[in-house]
Every structure is written in structure tokens, then in C-alpha cells.
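Undergrad: What shape does this take:
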Amino acid sequence: MASAPFKKILIANRGEIALRVICACKDLGIATVAVYSEADRDSLHVRFADQAVCIGPARSARSYLDIPSVISAAEITGADAIHPGYGFLSENAGFAEVCEVSGLKFIGPRPDVIRSMGVKERARELMKAAGVPILPGSDGVLTTGAEALETARAIGFPVILKASAGGGGRGMRVVQDEAQLEHLFAQARAEAEAAFGVPDVYLEKYITAPRHIEFQILADEHGNVEILGERECSIQRRHQKLIEEAPSPVLKPETRVAVMARLQEAIRAVGYTNAGTAEFLMDDAGNLNFIEVNARIQVEHPVTEAITGVDLVKSQILIAGGARLGEILGGPVTLRGHAIECRINAEHPETFAPCPGRVTGLNIPGGIGVRVDTALYTDGVVPPYYDSLVAKIIAMGRDREEARVRMLRALEMFVVEGIYTSVPLHQRILSDDGFIRAEFDTNYIARLLG
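TA: Reported below is the predicted structural model:
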């Protein structure tokens, strides 16, 4: 394994992903700086980093999203690189530019690539030009309802309107027929502007019951690209993933090989570097169509680590330090076994209402084939200001059924007292015949819950 050139990395994040980056840095012998809000003063990432700097009050806008405060923390502690994790500033091209100007290495893609990938319709154009299959849709953003109607008629209803700079389901509307289009077009633009400050929307053919499949990308700064297989991410609620697994239980090997080859060429052509994820929708016929690139590490990266043996976060750091993929990976990457990840949220398992509060009791499951990434601890407080994700349980096995059974065992032994969690919902899903048979799509949760 190549050695990293960084002496100290500031982690511009919190919770389990901040701890995950700290672990990778410790493995590489790199010192770490944690930044934290006043609400996170007693958090584990603060405890286990070598240094910690408070950068503001609880609200994200005045702490984790405050670029001057993050940069100042890096400068006063002598950090020479910044790892953004996921969320917060991880796909903020302006932040990546400020890092460069400040003499700090941003551990992620270049600002221009983040900007290209962040504008979804631009990413579609780049992938289409490189031969990656995409859904039929508009050529660029749409500015009027009449323009949207003309495009929708050409490709056929139903269609979906999407915010060009969006994510997480915001600025997104499904249009079933012509009568709905003008009203929903105005809604999508208004929501996109409110959420992202940009009203631009584009249009795609809507697949009624798709599967959501994504491919893990690693690309170094010397033009080398590796695609580390795919993840199945179809178990979602309101466009938020709940369970992911690798590999997909339904993707044909020949389809995997073909898509990975085209994607590898496309990623090289656009000059992408570091880690990322290309997301696709699969139709009933098993065809994959590209929808977007997430220019960062993903929440669900551990399932890919489990079946490849590749430490993706360590790889990010080494790539940012100039290492070549050949040095990092040490040879061809093979996929072995199966892995499932359950995202555990601090929320009521039936109403889905957030449930912040103090953890009065905790048992973390273990045993062969089980990994838990979490920042929970007994007497620790889950604050109400941030995303409700509090843990990720990853179960690994020789095949999907062994991974599923191990996950059920881990869920039963994962005890969190003092707050509600989504564990009962995950247990219900993992025991459902539809999940066991891998017969599901992105509408599965709505059907399961009735």
C-alpha cells in the first residue's frame, strides 16, 4: 500500500462518517482534526481526533456549512488536506475551490468536475456522449411549460421533472398526463429554487417501477479508472435509501461487464478523479439507464468494501495524495460473497417521526460477518439538528441468504434504549417474502406498509 503524503487531515463532517475517516487516517498514520458544533461537543469524533475545533452553534448553516469557519479551523491547526465525508460541503464546488486557493487539498473530485456532475442534465449529456445509456429526456433545462409539454409529448407520458441541481427528492414531480404538466412544472421550479437557489428543471421518461442500481467509481489523477461493481439501492422511502446490498441480486453478469466498461470510458473522458457513484434505473426488461453521478463517498460504501476488500476511504486519501490505482489496489479487484447494509435512523419505526434524545442503554452487535459504523454511545445525545442516521449495520456472507440471516441476528442484538430507532422496520423488511426472493423495486416500501 502506498504511503499518504498528508501530515494532518481536517474532517469537515460529523457522526459516523467522521469516525470512519478518522479510522482510515489512523491506519495511514495521519493526524486528524475534528470540527464540531456546540451540539456535538461531546461526540465521539471529537474524542478520537487528535485535535478538535468548535466552529459554531448547533445549526448547520452556522457551523458545518460555514466555509470560512471550516477553512479557519484547518489553517490554525496546520492541516494540509480536508475530507468532506458525505452531505454538508462534500459536493460544493465553491468549497473545493476555496480549499485549493487556501493551499488545502480537497479529498474529492476537482471543482469543475463537481460542478459538471452536480448539474444533472449536464451529467446526462456527458454520459450520453460517452456511450452510457440514458433515459429519454429533454436536451438541457426547460424554461417554459410549453417547452416541457412539447418534450413530454415526444417521449410519451408518464414523465418526471427533476431539479437540475437537486437531490433527495426535492424539485421532483411525476407527471402522468398533459393536464398535470403545467401546474407540476411550476411546482417543481419553485421547489428547486427554494431548496437549491436554482429553479432549473429538466425532464426524463418516468419508469413506473424501477430498480435503483449504482456503480462504485475510483479514479486516480493519472487517468486510471476502476469500477468496483454495483450496489442494489431499491429499498427506499420517499427517495431516501433504507437498505443497500452488493452485488445486486438481479443484475446479469454480462450486463455488469458491459456497463462497467462503458462507464469506465466515460469517467476517464470527463476527467473524474477520486471516489464517486454512477446511479442507474433498471426497467422491467433489465435495461440500465444512467440518471446521475454523486461526486463523493456514499453512505452505503461499506457493502462494496465488504465484497471487494478495498478500503474506499483510505483509497480516497491516497488518490488525493497522487498515488496510482495500481499501487492502491495491488492487482485486479474481484467480487466475493454478498453484503447487506441497514441504515438505522433515530425515528419512530411506524410514524417515521424523528426521535432525538439521550441514549440510556446500548448494545452493539458483533460476531462473524457483522460490522457496525456508528457514533452512538451510552449517555450520548442524538441532537435534533441533523440527519437522523445514527448507525449502519453491515452483514456479510458467502451468499445473499447467509448475509440476510446474519443481518437479522445483528438487528435483534442491536439494542438502543432511550430513543426510538428504525430497527423494527428493518426486521420486517428482512423477513418479508418479497425481500427474500429479491422481488422488489423502488415502490416496495409503499406496498409493504400499505
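Undergrad: ranges for the strands of the stretch 151-300 of the chain?
TA: Taking DSSP state E, counting those that start in this stretch, the strands of the stretch 151-300 of the chain run over residues 159-163, 173-175, 201-205, 211-219, 225-237, 240-246, 274-282, 288-294.
Undergrad: Does the next helix or strand after the last one pack against any helices or strands, and if so which?
TA: Tracing the chain past strand 288-294, the next element assigned as helix or strand by DSSP states H and E is helix 301-308. Of the remaining helices and strands, those touching helix 301-308 by 3 or more CB pairs under 8 Å, 6 or more residues apart in numbering; DSSP states H and E are strand 225-237, strand 240-246, helix 312-320, strand 338-345, strand 370-374, strand 389-397. All C-beta spots, glycine's among them, are computed from the backbone N, C-alpha and C.
Undergrad: Ok, which of those comes nearest residue 212?
TA: Nearest of the helices and strands packed on helix 301-308 to residue 212, taken as CB to CB: strand 225-237 at 4.5 Å.
Undergrad: ok, the residue nearest to residue 57 when sequence neighbours are not counted - how many residues close by?
TA: Computed as CB to CB, 6 or more residues apart in numbering, the closest residue to residue 57 that is not its neighbour in sequence is residue 38, at 5.2 Å. Close neighbours of residue 38, defined as other CB atoms under 10 Å, add up to 14.
Undergrad: thinking again about what came up before, how about TSV for the strands of the stretch 151-300 of the chain, with mean neighbour count added?
TA: Shown next, in TSV, are the strands of the stretch 151-300 of the chain (neighbours: other CB atoms under 10 Å):
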stretch	mean neighbour count
strand 159-163	26
strand 173-175	19
strand 201-205	24
strand 211-219	24
strand 225-237	22
strand 240-246	24
strand 274-282	23
strand 288-294	23
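Undergrad: Using the record's assignment, carve the chain into domains.
TA: 8-107, 136-205, 211-449 (automatic domain parsing).
Undergrad: Return the distance of the helix or strand that contains residue 446 from the chain's centre.
TA: Here residue 446 sits within helix 444-449, counting by DSSP H and E. The chain centre lies 22 Å from the centre of helix 444-449; the measure is CA atoms, centre = their mean, to the nearest Å.
Undergrad: Next: stretch 355-367.
TA: Centroid displacement of stretch 355-367 relative to its chain, using CA atoms, centre = their mean, is 24 Å.
Undergrad: same question, stretch 230-246
TA: In terms of CA atoms, centre = their mean, the centre of stretch 230-246 is found 10 Å from the chain centre.
Undergrad: avg pLDDT for it?
TA: Stretch 230-246 comes out with an average pLDDT of 96.
Undergrad: start to end distance for it?
TA: 6 Å (CA to CA, to the nearest Å).
Undergrad: One more: stretch 328-346?
TA: With CA to CA as the measure, stretch 328-346 spans 36 Å from end to end.
Undergrad: buried ones in stretch 190-204?
TA: For stretch 190-204, the buried set under the neighbour-count rule, 16 or more other CB atoms under 10 Å, comprises 191, 192, 193, 195, 196, 198, 199, 200, 201, 202, 203, 204.
Undergrad: Now for the fifth one: which residues touch it?
TA: If I follow you right, that is residue 196. 163, 165, 166, 170, 171 (CB atoms under 8 Å, 6 or more residues apart in numbering).
Undergrad: Select the longest helix from the chain.
TA: Longest helix in the chain by number of residues (criterion: DSSP state H): helix 178-196.
Undergrad: Render the CA-only coordinates of that one in CSV, please.
TA: Extracted as CSV, the C-alpha positions of helix 178-196 are listed here (Å, rounded to 0.1, in the frame of the first residue of the first chain):
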residue,chain,number,x,y,z
GLU,A,178,-50.8,16.6,-20.2
ALA,A,179,-53.4,18.0,-17.9
GLN,A,180,-50.9,17.9,-14.9
LEU,A,181,-47.9,19.2,-16.7
GLU,A,182,-48.1,23.0,-16.5
HIS,A,183,-49.1,23.0,-12.8
LEU,A,184,-46.4,20.5,-11.7
PHE,A,185,-43.8,22.2,-13.9
ALA,A,186,-44.4,25.4,-11.9
GLN,A,187,-44.3,23.5,-8.6
ALA,A,188,-41.0,21.8,-9.5
ARG,A,189,-39.3,25.0,-10.4
ALA,A,190,-40.5,26.8,-7.3
GLU,A,191,-39.3,24.0,-5.0
ALA,A,192,-36.0,23.7,-6.8
GLU,A,193,-35.4,27.4,-6.4
ALA,A,194,-36.4,27.3,-2.7
ALA,A,195,-34.2,24.2,-2.0
PHE,A,196,-31.1,24.9,-4.1
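Undergrad: now it against strand 201-205, angle please.
TA: Using axes from the mean of the first three to the mean of the last three CA atoms, to 10 degrees, the inter-axis angle of helix 178-196 relative to strand 201-205 is 130 degrees.
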